[in-house]
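> the following comprises the amino acid sequence and a computationally predicted model.
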Amino acid sequence: MNEIENLSKRLQASIFELLGPIQATKEINYEAFNRADEVGRELTRLLKGQELLPKGALYSLDMAVGVLLNEAEYCRDKEEVLAVARALRLTYGLLLCGEAHDE
């Protein structure tokens, strides 16, 4: 498995760990979010300017943003949930545009 595939799988796993508590207890798992954010940033760096992108990572990011936006209304800290959604949406957009967080 190459580095991009490994990072894509790690991103998907972190997002899965992030979404479980949001849906069950309406709480943010900050550890899972921090891992997802770190891996997402690394993916944007590695994939900067690339035409081919890992579908699994893109799907996971898109799904996570949708779930977070839907669940935010029911969470105690709606603004924090929305901030997490915005951060993941930024990573998604940067991947699609072939850019990285450091630009």
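Yep, it's here.

> now Asn6, what's its secondary structure?
Secondary structure for Asn6, judged by DSSP: H, G, I helix; E, B strand; the rest coil, is helix.

> where exactly do the helices run in the protein?
For the chain, the helices defined by DSSP state H occupy 3-25, 30-47, 55-72, 78-97.

> separation between Ala57 and Leu82?
22 Å (CB to CB, to the nearest Å). Backbone N, C-alpha and C define where each C-beta goes, glycine included.

> those two: which is more packed in?
For Ala57 versus Leu82, neighbours defined as other CB atoms under 10 Å are more numerous around Ala57 (25 against 15).

> excluding chain neighbours, what is closest to that one?
Leaving aside its chain neighbours, Ala57 sits nearest to Ser8 (4.2 Å; criterion: CB to CB, 6 or more residues apart in numbering).

> show me what contacts that neighbour?
43, 54, 56-57 (CB atoms under 8 Å, 6 or more residues apart in numbering).

> what do you get for Glu3?
Taking CB under 8 Å, 6+ apart as the test, what Glu3 contacts is Leu46.

> on that earlier part again, check what pLDDT the residue nearest to Ala57 gets.
Looking at Ser8, its pLDDT reads 97.
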